[in-house]
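Chemist: Got a predicted model here, sequence first, then my questions.
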2 protein chains.
Amino acid sequence: MDTKPDLTAIAAAHPDHWAKATAIRALTLDAVHAANSGHSGMPMGMADVATVLFEKHLKFDASAPNWPDRDRFILSAGHGSMLLYSLLYLTGYPEMTLDQIKNFRQWGAITAGHPEYGHAPGIETTTGPLGQGIANSVGFAIAEEIQRARFGRKLVDHYTYVIAGDGCLMEGVSQEAISLAGRLRLSRLIVLWDNNNITIDGSVDIADATDQVARFRASGWQVISIDGHDPEQIDAALTKAKASKKPTMIACKTHIALGHAAQDTSKGHGALTDAGQMAAAKAAYGWTTGPFEVPAATKAAWEAIGKRGAAAHADWQARLAEQGERRQAEFNRIFAREVPKKLTATINALKKQASETAPKIATRTSSERVLEVVNPILPETVGGSADLTGSNNTKTADLGIFLPENRKGRYIHYGIREHGMAAAMNGMVLHGGVRPYGGTFMCFTDYARPSMRLAALMKIPTVFVMTHDSIGLGEDGPTHQPVEHLAISRATPNTWVFRPADTVETAEAWELALTSTETPSVLSLTRQNVPTVRTEHKRDNLTAKGAYVLSPSEGKAQAILIATGSEVSIALEAQKTLQAEGIATRVVSMPCMELFAQQDEAYRRKVLPTGPVRVGIEAAVQQGWDRWLCGEGGRDTKSGFIGMTGFGASAPAGTLYEKFGITAAATVAKVKELLG
Amino acid sequence: MDTKPDLTAIAAAHPDHWAKATAIRALTLDAVHAANSGHSGMPMGMADVATVLFEKHLKFDASAPNWPDRDRFILSAGHGSMLLYSLLYLTGYPEMTLDQIKNFRQWGAITAGHPEYGHAPGIETTTGPLGQGIANSVGFAIAEEIQRARFGRKLVDHYTYVIAGDGCLMEGVSQEAISLAGRLRLSRLIVLWDNNNITIDGSVDIADATDQVARFRASGWQVISIDGHDPEQIDAALTKAKASKKPTMIACKTHIALGHAAQDTSKGHGALTDAGQMAAAKAAYGWTTGPFEVPAATKAAWEAIGKRGAAAHADWQARLAEQGERRQAEFNRIFAREVPKKLTATINALKKQASETAPKIATRTSSERVLEVVNPILPETVGGSADLTGSNNTKTADLGIFLPENRKGRYIHYGIREHGMAAAMNGMVLHGGVRPYGGTFMCFTDYARPSMRLAALMKIPTVFVMTHDSIGLGEDGPTHQPVEHLAISRATPNTWVFRPADTVETAEAWELALTSTETPSVLSLTRQNVPTVRTEHKRDNLTAKGAYVLSPSEGKAQAILIATGSEVSIALEAQKTLQAEGIATRVVSMPCMELFAQQDEAYRRKVLPTGPVRVGIEAAVQQGWDRWLCGEGGRDTKSGFIGMTGFGASAPAGTLYEKFGITAAATVAKVKELLG
């Protein structure tokens, strides 16, 4: 930064604004001091921008933080969480009490180190892993467009604002987000870039020389450059941004840790806890009250801002009430994440048909058949793929393409952007009113991982459609063949990993994924054709149990074969051979380990009794299987696994199954070996 | 594309060039036809660019594919593998026989669906997951600069060429690569963009409207736009690119599947197997020989290209021979991935000192102490961090910063680009002569995953320094606290996951990581201080065994506590309590499950005998542990786990360990419960 800002002059020019913005800075200093950890500099640098945004532009009502038509405010630079917490406290969000501010980063407080969705209203998404917020915001803006197209401006008419730092813009996912938003012309998306030229390692220049203005323009954005400490410039830029037909990036030149001894340094990024320096900064601000004390007049001014949207909110409620009853109910239903009652009947009809006709198709095709009957009755679904539409089977006939010229479109061509897709889907769920699902090859779970984890952490039911889920992918080879990705998703808390064996289980998995309210789902689907194994129709969703006896043994079981997905038919084939040789064998299908683990012990023991030898079969690594093989009443010496021990290879799928020994013959041999 | 190209005119304008380029197209059509799968369009579209590159610019000698001073050619658009295989076959790389081309994508062939590093010389890196090649290339170019600064132009003076498609440029990692390359002014890096406006889902426009020329310029690149079918324009652009002081992107406007019925369509991206259309395309090319047949004159012309670099190679060998013996030996040593002999003594001295002084420090600090003694004796190490240098403890005093003005610098500020860092490190290893390591928080394994997997698949010893490896990170909260990431890396084949308990084990882990030739390492290191547990000096690298008895029981063990990293000291504390109560307890430290799994059964049984109850302790999810608890001679009912069952929380580390029950007291209770 060329020149040191003259705080006295800035304060004198806009005294009311200064008092409000300083409240954020002082609270930040106090909270970080009390916690003895945290990030002071960013809230101090962006306080002016946030103050103008909340005072003059953001449509919100602090007393009704979940108003569906509010503007969304996303703190992508999540380490600056005290900016958000200060704003929520100052404007009077009931949950964000002063006590919470005082307990910043402590056990049980809602004021976590980084903003955690679900901790308090007003936290629209969990941020901290950089780039996620800006990538979520694309989904928020898409959801707004889709809802507006469906319900009209009277009910849906809001903006998504994002504060992003240099870190967010260096993360690759930001490019996926920016380019997608530019292509889709998401004009309601406004990104405020905290252009302070500081990261943890030093000045941005040591690692980056990107002309961010040119970069955003190259992706079809409007860009406005301003002094991020001048309230008039901030206000004018926001006004201009709202009127744009393109998404807008406002480059806000700021001083990190404004007014502190650490201003404009990487030290300013972190926890500024020195008491003397803190006192000096407050003195420079003209801030004279004690720790955590905001002068009454300033607090009152902030609370007035918190109430500024109350009238608009009331008007909106009146407009909603004017809608027909069915329209109101539908609007409320989708925001409550409730599915239409007829979903169960629709799924059941498909299951029945599949059991009767027993198609031999890939489960990705099964998934498409489910979507073909589900999408017409769930208008809130929004499908998509990271440029693998024909392979992921994610597009059904009734979904138009979401584009600037077709905002009613419910299918998104995300481009080759798995990470951006996952993050955007999370944003859509968080926005509410839409239920996104998106596809890629399962191996590219790797690209989407950071956002898949956040879906689990945030407890939101994003649906990841992961096809080509094993060596069964064939010739594309090991770069495209997942072997560890089932284990990866299963290791992640609060994630349902479904690996259905046929169309029936696929339908059941989809039913669970679509009715989930707090858990994301990963659908692991085959490229290759598999036979129908559920040939007897049952109304009960057996997949909901996680595992169940698919084929009982003839007589008391000597062996239990446990399999998932494409390997269930291998288990059935092995069972036939074994029973022909007099070895009573049970086949357990285990489409969802997480749900099975949640069953009571009696059920688990019924499915996996102690005694018989156990063999697990899955074309993937063994990690995650030992619990069901030698644990849960199993025995080390009486269990085995048929699967992968390393990466795959490039060859036709059938060859690979043979070469890697994932066959009925190998299963039979393993059982016999274990029986001794 | 606005107009259909006139093949006859193009062929007539440059008949020799046309014959050579057509050989690539014909071989591609034949191989894809034979395999009945693959990607025809990209090789057909980029054949002209590749032909000019190989004929007039690329410095290589087909008979000596590993010549260290060769130019590197990276096919980032790896699905177009037949482009590379055709080039290797045509120019006469001995391994790339016609039989291999005929067996494209078949079991046992070196011609996998996507190029696999290690399958054949000339394949510089494994590509297919999009964006990886272009991100690797940054590492290739860095390695070249560093080597040139060290050994001079006489020995090191080459370029890195990349062919990247729209998919590569849409992936976020490409932005990380481009912006890093721009900042570091990697002028020897030249990217050829296959600008064909086609992806799998349709025309690029449906998902992207990025002005790529402006985007690259915004990151400090030179950009040249050409007709990718005009050999003169291609040649001129390459000449200009080589002279640039910036990295160069050449935007090559091309027709995907040139000359085929599927030209300029997304169908052209995939496998073009229709016999009639294939015949028509060949006719349009004027190609009259049978399948896989290249006219002798054309093959000879290509083979001459393969020999073009032989003289330069001989000159280079002569220059190498002119160097002093020690310099030659050093040059050869680092390219052979051999470590200096004194490494072992250095590590042992540090181990001895640590055992004697028993510091209570974080293992990330232990890691820094190792690097402080290792970096001075291993001039090939190149450290770095994704903007967490002070937290990852990756920088030592003797490493200068690698920048345009300091090419001898051995430390890289990668910026907030975990993925780009991991991919660049892979590129450096692949280039040879440098041994990179790079740090971030362990939780951000998620961002680096796609490249970490490829390191394992490629069998290259990249070192990932992952600090802040558990809830011990504290107040930053669950977004930054890994719980599933040990399981994720352990699930990945050919990956060593080291979780050292103290400075001694950290030194042993580094020794293994630095001497590894075929396996990448993940170092999982604490933020918080931990006591030294290896207080008795042993010259043997006990970590090499994966697990070992750290503290034997007093008398025959009734319980075995197995722990890793920061939890080993908890196990020792629990052992004390248990033994005081008369329960003989053994403590096993298990810093590397993968290496333990590789030991023979006798050793494994010695460490983990059948009989005693077993309790695993690790501040992470249980997945991956069951093998050591109820497997390997253990029993389901006699084993337990002290760890995490969900995500962490934001609070001081000590509080979190208490609240989540990862304590000596909980361990003691669990042992007693199991003993009944």
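Modeler: Arrived safely, thanks for sending.
Chemist: number of nearby residues for the residue nearest to A:Ile110 when sequence neighbours are not counted?
Modeler: In space, and not counting its chain neighbours, A:Ile110 is closest to A:His119: 4.0 Å by C-beta to C-beta, 6 or more residues apart in numbering or on different chains. Bear in mind the C-beta positions are built from the backbone N, C-alpha and C, glycine included. Close neighbours of A:His119, defined as other C-beta atoms under 10 Å in any protein chain shown, add up to 19.
Chemist: And the nearest residue to A:Thr91 once chain neighbours are set aside, how close does it get to chain B?
Modeler: With C-beta to C-beta, 6+ apart as the criterion, A:Thr91 has its nearest non-adjacent residue at 3.2 Å, and that residue is A:Gly306. Using C-beta to the nearest C-beta, to the nearest Å, one gets 25 Å for the distance from A:Gly306 to chain B.
Chemist: wait, is A:Gly306 part of a helix?
Modeler: Yes. Applying DSSP: H, G, I helix; E, B strand; the rest coil, one finds A:Gly306 inside a helix.
Chemist: which other helices and strands contact the host helix or strand of A:His313?
Modeler: Using DSSP states H and E, A:His313 sits within helix A:310-322. Applying 3 or more C-beta pairs under 8 Å, 6 or more residues apart in numbering or on different chains; DSSP states H and E, one finds that helix A:310-322 contacts helix A:325-335.
Chemist: For the helix it packs on, buried residues please.
Modeler: Across helix A:325-335, burial judged by 16 or more other C-beta atoms under 10 Å in any protein chain shown covers A:330-331, A:334-335.
Chemist: which residues sit against the helix holding A:His313?
Modeler: Helix A:310-322 has contacts (C-beta atoms under 8 Å, 6 or more residues apart in numbering or on different chains) with A:59, A:61, A:63-64, A:67, A:69, A:154-155, A:328, A:331.
Chemist: So which of these belong to helices?
Modeler: Of these, the ones assigned to helices by DSSP state H are A:328, A:331.
Chemist: same for chain B: which of the contacts of helix A:310-322 are within range?
Modeler: Checked against chain B using C-beta under 8 Å from any C-beta of the partner chain, these yield no neighbours at all.
Chemist: so can I have JSON lines of the contacts of helix A:310-322 showing pLDDT?
Modeler: What follows is the contacts of helix A:310-322, written out as JSON lines (pLDDT from 0 to 100):
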{"residue": "A:Lys59", "pLDDT": "98"}
{"residue": "A:Asp61", "pLDDT": "98"}
{"residue": "A:Ser63", "pLDDT": "97"}
{"residue": "A:Ala64", "pLDDT": "97"}
{"residue": "A:Trp67", "pLDDT": "98"}
{"residue": "A:Asp69", "pLDDT": "98"}
{"residue": "A:Lys154", "pLDDT": "97"}
{"residue": "A:Leu155", "pLDDT": "98"}
{"residue": "A:Gln328", "pLDDT": "97"}
{"residue": "A:Phe331", "pLDDT": "98"}
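Chemist: Just the buried residues of the contacts of helix A:310-322.
Modeler: With burial judged by 16+ other C-beta under 10 Å, the buried subset of the contacts of helix A:310-322 is A:59, A:61, A:64, A:67, A:69, A:155, A:331.
Chemist: I'd assumed A:Leu58 was in contact with the fourth one.
Modeler: I take that to be A:Trp67. No. The pair A:Trp67 / A:Leu58 is not scored as a contact, 12.0 Å apart, by C-beta atoms under 8 Å.
Chemist: tell me, what's touching those two both at once?
Modeler: Joint contacts of A:Trp67 and A:Leu58 (C-beta under 8 Å, 6+ apart) are A:Gly309.
Chemist: quick one, what contacts the spatially closest residue to A:Phe104 that is not a sequence neighbour?
Modeler: Distances taken as C-beta to C-beta, 6+ apart put A:Ala31 closest to A:Phe104, at 4.0 Å, once the chain neighbours are dropped. Shown in contact with A:Ala31 (C-beta under 8 Å, 6+ apart): A:38, A:82, A:85, A:101-102, A:104, A:111, A:292.
Chemist: Following the chain onward from the helix or strand hosting A:Ala31, which element is next?
Modeler: A:Ala31 is part of helix A:15-35, with elements assigned from DSSP H and E. Downstream of helix A:15-35, the next assigned helix or strand under DSSP H and E is helix A:41-52.
Chemist: Can you give the distance from that following helix to the centre of its chain?
Modeler: 27 Å (C-alpha atoms, centre = their mean, to the nearest Å).
Chemist: Please apply the same query to stretch A:22-39.
Modeler: Relative to the chain's own centre, stretch A:22-39 is displaced by 29 Å; criterion: C-alpha atoms, centre = their mean.
Chemist: can you check stretch A:660-676 too?
Modeler: Distance, stretch centre to chain centre, for stretch A:660-676: 40 Å (C-alpha atoms, centre = their mean).
Chemist: Show the average pLDDT along that stretch.
Modeler: For stretch A:660-676, the mean pLDDT works out to 98.
Chemist: and what of stretch A:72-81?
Modeler: Mean per-residue pLDDT for stretch A:72-81: 98.
Chemist: Check the separation of the first and last residues in that stretch.
Modeler: 16 Å (C-alpha to C-alpha, to the nearest Å).
Chemist: contacting residues for the residue in chain A that chain B sits nearest to?
Modeler: For chain A and chain B, the shortest gap (C-beta to the nearest C-beta) falls at A:Gly172, measuring 2.6 Å. Going by C-beta under 8 Å, 6+ apart, A:Gly172 touches A:131, A:419, B:131, B:171-176, B:417, B:419-420.
Chemist: what's the closest of those to A:Ala544?
Modeler: Distance ranking of these against A:Ala544, using C-beta to C-beta, places A:His419 first at 30.5 Å.
Chemist: So which of the contacts of A:Ala31 are in helices?
Modeler: Using DSSP H, these in helices are A:82, A:85, A:101-102.
Chemist: Filter the residues you listed down to the buried ones.
Modeler: In the ones in helices among the contacts of A:Ala31, burial by neighbour count holds for A:82, A:85, A:101-102, counting by 16+ other C-beta under 10 Å.
Chemist: Just put those residues in a markdown table and tack on distance to chain B.
Modeler: Conversion of these to a markdown table gives the following (distance: C-beta to the nearest C-beta, whole Å):
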| residue | distance to chain B |
| --- | --- |
| A:Met82 | 12 |
| A:Tyr85 | 12 |
| A:Ile101 | 14 |
| A:Lys102 | 14 |
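Chemist: Just name the closest of the residues you listed to A:Met466, please.
Modeler: For these, the minimum distance to A:Met466 (C-beta to C-beta) is 36.2 Å, reached by A:Tyr85.
Chemist: The closest one contacts A:Gln100, doesn't it?
Modeler: Yes. Judged on C-beta under 8 Å, A:Tyr85 makes contact with A:Gln100 at a distance of 7.2 Å.
Chemist: want to throw the contacts of A:Ala31 into CSV with distance to A:Asp16?
Modeler: Compiled in CSV, the contacts of A:Ala31 are given as follows (distance: C-beta to C-beta, whole Å):
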residue, distance to A:Asp16
A:Gly38, 28
A:Met82, 22
A:Tyr85, 22
A:Ile101, 22
A:Lys102, 26
A:Phe104, 27
A:Thr111, 27
A:Phe292, 21
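Chemist: ok, those vs B:Arg435, which is closest?
Modeler: Nearest to B:Arg435 among the contacts of A:Ala31 is A:Gly38, at 36.4 Å by C-beta to C-beta.
Chemist: got a pLDDT number for the closest one?
Modeler: Here the pLDDT value assigned to A:Gly38 is 97.
Chemist: Setting aside sequence neighbours, what's the nearest residue to it?
Modeler: Nearest residue to A:Gly38, sequence neighbours excluded (C-beta to C-beta, 6+ apart): A:Val32, at 4.0 Å.
Chemist: Run a quick neighbour tally on the one you found.
Modeler: Number of residues near A:Val32 (other C-beta under 10 Å) recorded here: 24.
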